[in-house]
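> Got a predicted structure plus its sequence, pasted below:
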Amino acid sequence: MPVVVVSGTDTEIGKTMVTAAVAATAVAAGRSVALLKPAQTGLAPGEEGDVALAGRLAGVVTTVELGRFPEPLAPGTAARRAGMAPVRPADVAEAAEKLAAEHDLVLVEGAGGLLVRFDDEGGTVADAARLIDAPVLVVVRAGLGTLNTTALTAEALRHRGVSALGTVIGSWPAAPDLAERCNLADLPEVAGVPLLGAVPHGAGALGPADFRAAAGRWLAPALGGDFDADAFGARYAPPGGPRRP
């Protein structure tokens, strides 16, 4: 998998922390890594964006941002309102393929959810993934409502012929409630792919060295870590009620 697209079921869901964790784990294994952020919105020139933050936490990686738009809106809307050229799926595919020629792994972090528009023609990160022929790692919420948004995202990927690599919970709470505990068993069923990790809430507040040291514990072997979804689910299994056979 020279290129993996990191998308989510919503915005502000933990995509950047998941991207950073996957990158940190790959760097620790001796792989060369590039992080590509097609479109960053809501930041002024000079402010630290998602790709810079992920790179700072992950270690020695190449970081590339294709477009930055000042208003915190969907990329296509933000570009139009700023009078700037949008970032199109073909631009993302071209940049990812160039980076893949020089790196072992390229992580493309989308903006918002899977079908957020990049341009006025309706191009999305799903279209970019299809052009690259890259799998999508879906970042999901832990709590109530995540089963619906995860199922919708999985259905959208299947409809477009894009493969899903797995799901990762972008922000796992220190004291999970009943819904969050139950969702550990239900997420793989509604997504149709395995749960490949859970990044703890507040991970971004760790210093880079501590983040890198812990990242492998948050991710499954498929992503280079040692996270065990069955053991994690058993640890947080809710008391009472029937268990899934």
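That came in fine, so what should we check first?

> what's the neighbour count on residue 24?
The number of residues packed near residue 24 is 28, by other CB atoms under 10 Å. Bear in mind the C-beta positions are built from the backbone N, C-alpha and C, glycine included.

> and it, what is it in contact with?
Neighbouring residues of residue 24 by CB atoms under 8 Å, 6 or more residues apart in numbering: 57-59, 211-212, 215-216.

> chain center to the strand or helix carrying it, what's the gap?
Take DSSP states H and E as the rule and residue 24 turns out to sit in helix 15-28. On the basis of CA atoms, centre = their mean, to the nearest Å, helix 15-28 is displaced by 10 Å from the centre of the chain it belongs to.

> cool, and stretch 118-132?
Worked out by CA atoms, centre = their mean, stretch 118-132 lies 16 Å from the chain centre.

> Show me what counts as buried in that stretch.
By neighbour count with 16 or more other CB atoms under 10 Å, stretch 118-132 contains the buried residues 118-119, 123-132.

> Just the buried residues of the contacts of residue 24.
57-59, 211-212, 215-216.

> Format the buried residues of stretch 118-132 as TSV; extra columns: secondary structure.
What follows is these, written out as TSV (DSSP: H, G, I helix; E, B strand; the rest coil):
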residue	secondary structure
118	coil
119	coil
123	coil
124	coil
125	helix
126	helix
127	helix
128	helix
129	helix
130	helix
131	helix
132	helix
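
> Closest one of these to residue 80?
For the buried residues of stretch 118-132, the closest approach to residue 80 (CB to CB) belongs to residue 119, at 8.7 Å.

> so what pLDDT did that closest one get?
pLDDT for residue 119: 94.

> hmm, back to that, can you flag which of the contacts of residue 24 belong to strands?
Assignment to strands by DSSP state E places none of the contacts of residue 24 there.

> what bridges to residue 5?
residue 108, residue 136 (DSSP bridges).
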